[in-house]
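Trainee: how does the following fold in three dimensions:
(one chain, ligands or ions: 2)
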Amino acid sequence: MQSMLAIRFARPLLPRSVRARRHLFRFCSAMATPVASTSQPAVQPAVQQEKKQQKDQKKGKVVSESLYPLELQPPPDFFEHRIKLFEQLKAEYDDQVKSKPREEISITLLDGTTRKGISWETSPMAIAQEISKSFSERIVIAKVDGELYDLERPLEKSCKLELLDFENPEGKKVFWHSSAHVLGEAAERHYGCHLCLGPPTDDGFFYEMSIHDRSVSNTDYPALEKVAEMAIKDKQKFERLVVSKENLLKLFHYNKYKQYLVNAKVPDGTSTTVYRCGPMIDLCVGPHIPHTGKIKALMITKSSASYFLGDANNDSLQRIYGISFPDKKQLTEYKAFLAEAAKRDHRKIGKEQELFFFNDLSPGSCFFLPHGTRIYNALVELLRLEYGKRGYQEVISPNMYNSKLWETSGHWQNYKDDMFTLDVEKEKWALKPMNCPGHCLIFDSRDRSYKELPIRMAEFGIVHRNEASGALTGLTRVRRFMQDDTHVFCMPSQIEEEIMALFDFMQHVYGLFGFDFFLELSTRPENFLGSVETWNEAESQLTKALDKQYPGKWELNPGDGAFYGPKIDITIRDALRRSFQCATIQLDFQLPERFNLKYRSAEDFGSPDKPASRPVIIHRAILGSLERFIAIITEHFAGKWQLTFAYRPFWISPRQVVVIPVAAPYKDYANDVAQRLSSLGLYADVDNSDNTLPKKIRNGEIAQYNFILVVGQEELDARAVNVRNRDDVGTKNKGEMIPLDTVVEKFVELKSSKRLKNQLA
Ligand SMILES: [Zn+2]
Ligand SMILES: [Zn+2]
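Mentor: Ligands and ions are numbered 1, 2, ... in the order given. Below you'll find the predicted structure:
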């Protein structure tokens, strides 16, 4: 695939075909490989029934009880068939294990200590129990020589052993992955359905299934949770078994999806593993928690429709999402978190505060209303001001290009399905999904010398990506968005300095919003492009910059770079401690090759025969997509444009000042005051309604104005205003009369200082 600024939007920038294929690689039913919720296959347009459920929930209707029995009686035929064959194969397998050589092995723990064990007998759990009982109860999974490994599975040889609990990210994935099996079991017992895929996600897990003659409704959730609870009470062991392809096809003969997965992913003559817990037997590479009893709380969170392998040409399926914890208290906390997140939902606040809306005539493209546009523009102004200080040059490039450009950049070959294409005078064109190729044309529009470098080419570029309509979500997953995009064209020797400057820029911007952030460096992958020396040099410069600016505060992600260059991912954390990736810094050695970009270096000038030098491109964005960033800050500030009680950034607020006359005769003066503030670029409104004064003040507070200015005879005579600042208890109740000139000056200062605190100096 072509170089592209890999901002992690709703999903990775992979062509649909590749995404679908990648999904296939993880063939196991409840896949061991963590699948981020961001890479879920296309979801079918919202199901009617789900809409109804949401409506019912909004109306506060109590979810009615299901008319269906808890469990099918008798259970589906395939239960008995599966268990019989499993038990037979398991007995054979156990005999094999018994015949394995028993030798003394040595197990090295993370702290360097070693313990003795016996091959094919000692399990990681046995070692954990030797350490302490309470420790063994807390851990969820082992890592043997760097590979995740079932706690009860016998060790085969001397090894390094790590024991992970739920708080460990890998431990959490295993825990949720195992919980997906429990959900699968509950679904089989309740619906008699045919299971397909059931991976963990970033916040829980889901299982996807085909249910004959019935669709999932939220009235089913209590039954599913009840059956899951029964499975949990049973402390069902996760039993691992290696099964040949031939037997796998027999085992899952009743389920065409499992048949497809086995045929597609298990080569003839080989085998893979299945796992059993209770009556449930599933195709899976594992590993899992030792038994279902480790799950202390499990909740179904939602359901939706989907397609098998995410392909709209395949069968339509139903997907049930859940979350689970090793402690009941954690579920209570999670529910409180959900309630707070719902309160802050940017879609809700956007509507209440009249910031933006969507219309079905252009799904995924936002209409920003006047107050939403103020936020949008405040962000652009912020960046533009910094561009001036930091040596950036802003450009404007086209939105649509002939497909020839996309062939050169590689997008046509790899990304076409995600682009909107159009026919123009019998040729194929496309709307740009990224700005980079256009910026390459600008760089290449004339000869370049090393004296000009680095060129920091910035554009508030509007891009379009063809997201499936059913996958669109508020401002976080859209078809049209604007990026604060920049491409730095520089010499390889300038990388470190440029990266340092980017860190400084990023830190300044995130600081204005009170965001924490952390960084990860992803290095050369196996299928890299270019020379090892170029990579090593670039990686060492990135490492140096990270060590200088953030010593000990960044992580290495070895082998996870894009094939065209190493990258630094920056993740911010909001007021609810949720993580988002907004900024990216991506080095690119490939795009300059594809566009044959050149500059004359100092040495080139001396020797005219020497071929010209290649610049490196740094793709970088700080806010990322402005649409998505607005969603993040709306929720971060809870729509009050405040971080804590004291922190309410005036400069980003769409409602900075409202002027309220105490009675009709002062309407003109109120208009004059607002007009004066507006003429200085402040966002001032007037409330000239017929409401009473207390009502108008209350409305101003509800609308989240930072300041309320009240004017009457006294103020008119003194050319002054009475200032009420909601964040300042002292002025909130009675207000303070201040000359208009002074107030204007202070507001201008407060806006330009971009202080977090909403207080006049
Ligand atoms: Zn599994
Ligand atoms: Zn780019």
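Trainee: all helices for the stretch 201-350 of the chain, in order.
Mentor: 221-233, 245-251, 256-265, 328-344, 346-352 (DSSP state H, counting those that start in this stretch).
Trainee: so which bits of the third one are buried?
Mentor: Okay, so that is helix 256-265. Going by neighbour count (16 or more other CB atoms under 10 Å), the buried part of helix 256-265 is 257, 258, 260, 261, 262, 265. No exception for glycine: its C-beta is placed from N, CA and C like everyone else's.
Trainee: do stretch 519-526 as well
Mentor: Using 16+ other CB under 10 Å as the test for burial, stretch 519-526 gives 519, 520, 521, 522, 523, 524, 525.
Trainee: I'd guess the third one is in a helix, am I close?
Mentor: No - the assignment for residue 521 (DSSP: H, G, I helix; E, B strand; the rest coil) gives strand, which keeps it out of a helix.
Trainee: just list whatever residues bridge to it.
Mentor: Beta-bridge pairing for residue 521 (DSSP bridges): residue 556, residue 568.
Trainee: and the end-to-end length of stretch 425-443?
Mentor: 28 Å (CA to CA, to the nearest Å).
Trainee: and the pLDDT for the residue of the stretch 51-200 of the chain found nearest ligand 2?
Mentor: Scanning the stretch 51-200 of the chain for proximity to ligand 2 using CB to the ion identifies residue 169 as nearest, at 28.9 Å. Note on residue 169: pLDDT of 91.
Trainee: what's the domain layout of this structure?
Mentor: 49-57+76-90+171-343, 102-165, 356-397+432-636, 657-753 (automatic domain parsing).
Trainee: among the ones you listed, which comes closest to ligand 1?
Mentor: domain 49-57+76-90+171-343 (3.3 Å).
Trainee: I'd like the buried residues of helix 256-265 as TSV, with pLDDT and distance to residue 723 appended.
Mentor: Listed next are those as TSV, based on pLDDT from 0 to 100; distance: CB to CB, whole Å:
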residue	pLDDT	distance to residue 723
257	95	66
258	94	69
260	95	69
261	94	67
262	94	72
265	91	68
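Trainee: out of these, who's nearest residue 245?
Mentor: Nearest to residue 245 among these: residue 262, at 6.3 Å, using CB to CB.
Trainee: my read: that closest one touches residue 246, true?
Mentor: No - contact criterion CB atoms under 8 Å: residue 262 and residue 246 do not qualify, at 9.7 Å.
Trainee: which parts of stretch 281-298 are buried?
Mentor: Buried-residue list, stretch 281-298, by 16+ other CB under 10 Å: 281-292, 294-295, 297-298.
Trainee: cool, and stretch 682-695?
Mentor: Buried positions in stretch 682-695, judged by neighbour count with 16+ other CB under 10 Å: 682, 683, 684, 685, 686, 687, 688.
Trainee: the third one touches residue 678, doesn't it?
Mentor: Which is residue 684. Yes - Residue 684 is in contact with residue 678 according to CB under 8 Å; the separation is 5.3 Å.
Trainee: ok, the buried residues of stretch 519-526 vs ligand 2, which is closest?
Mentor: Nearest to ligand 2 among the buried residues of stretch 519-526 is residue 522, at 16.2 Å by CB to the ion.
Trainee: could you find the closest non-adjacent residue to that closest one?
Mentor: Distance criterion CB to CB, 6 or more residues apart in numbering; nearest residue to residue 522, sequence neighbours excluded, is residue 560 at 3.8 Å.
Trainee: got a list of what the one you found touches?
Mentor: 522, 523, 525 (CB atoms under 8 Å, 6 or more residues apart in numbering).
Trainee: if we go to 10 Å?
Mentor: By CB atoms under 10 Å, 6 or more residues apart in numbering, residue 560 lies in contact with 520, 521, 522, 523, 524, 525, 566, 567, 569.
Trainee: over to it. Which of the three states is it?
Mentor: Recorded secondary structure, residue 560: coil (three-state DSSP).
Trainee: how close does it sit to residue 590?
Mentor: Per CB to CB, to the nearest Å, residue 560 is found 17 Å from residue 590.
Trainee: before we move on, what about residue 699?
Mentor: To residue 590, residue 699 is 56 Å away according to CB to CB.
Trainee: between these two, who's got more neighbours?
Mentor: In this view residue 699 and residue 590 are compared by other CB atoms under 10 Å, and residue 590 has more residues nearby, 21 against 16.
Trainee: neighbours of the closest residue to that one other than its chain neighbours, how many?
Mentor: The shortest distance from residue 590 to any residue other than its chain neighbours is 3.7 Å, reached at residue 564 (CB to CB, 6+ apart). Per other CB under 10 Å, the neighbour tally for residue 564 reads 27.
Trainee: okay but residue 564 is in contact with residue 587, surely?
Mentor: Yes - if you go by CB atoms under 10 Å, residue 564 and residue 587 touch, sitting 8.2 Å apart.
Trainee: list the contacts for the residue nearest to residue 455 when sequence neighbours are not counted?
Mentor: The shortest distance from residue 455 to any non-neighbouring residue, by CB to CB, 6+ apart, is to residue 489 (4.5 Å). By CB under 10 Å, 6+ apart, the contact set of residue 489 is 439-440, 442-443, 448, 452-457, 592, 597, 599, 615-618.
Trainee: could you do residue 149 as well?
Mentor: Counting by CB under 10 Å, 6+ apart, residue 149 touches 123, 124, 141, 142, 143, 155, 159, 161, 162, 286, 287.
Trainee: helix/strand/coil for residue 518?
Mentor: Going by three-state DSSP: residue 518 is strand.
Trainee: neighbours of it, how many?
Mentor: Neighbours of residue 518 under the rule other CB under 10 Å: 14.
Trainee: give me the buried entries from the contacts of residue 489.
Mentor: For the contacts of residue 489, buried by 16+ other CB under 10 Å: 439-440, 442-443, 448, 453-457, 592, 597, 599, 615-618.
Trainee: could you give the backbone dihedrals for the nearest residue to residue 307 once chain neighbours are set aside?
Mentor: Once flanking residues are discounted, residue 307 sits nearest to residue 314: 4.9 Å by CB to CB, 6+ apart. Note on residue 314: its backbone torsions stand at phi -90, psi 180 [degrees, to the nearest 10].
Trainee: wait, doesn't residue 314 sit right on residue 260?
Mentor: Yes - contact status for residue 314 versus residue 260: in contact at 9.4 Å, counting by CB under 10 Å.
Trainee: so for the host helix or strand of residue 383, mean pLDDT?
Mentor: Secondary structure from DSSP states H and E places residue 383 in helix 370-389. Mean per-residue pLDDT for helix 370-389: 93.
Trainee: list the buried residues of it.
Mentor: 371, 372, 374, 375, 376, 378, 379, 382, 383, 386, 387.
Trainee: now swap in stretch 111-118 and tell me
Mentor: Across stretch 111-118, burial judged by 16+ other CB under 10 Å covers residue 117.
Trainee: can you offset everything so residue one is 542?
Mentor: Noted, 542 is the first residue going forward, which turns the last one into stretch 652-659.
Trainee: between the buried residues of stretch 822-839, which is nearest residue 975?
Mentor: Of those, the one sitting nearest to residue 975 (CB to CB) turns out to be residue 826, at 35.4 Å.
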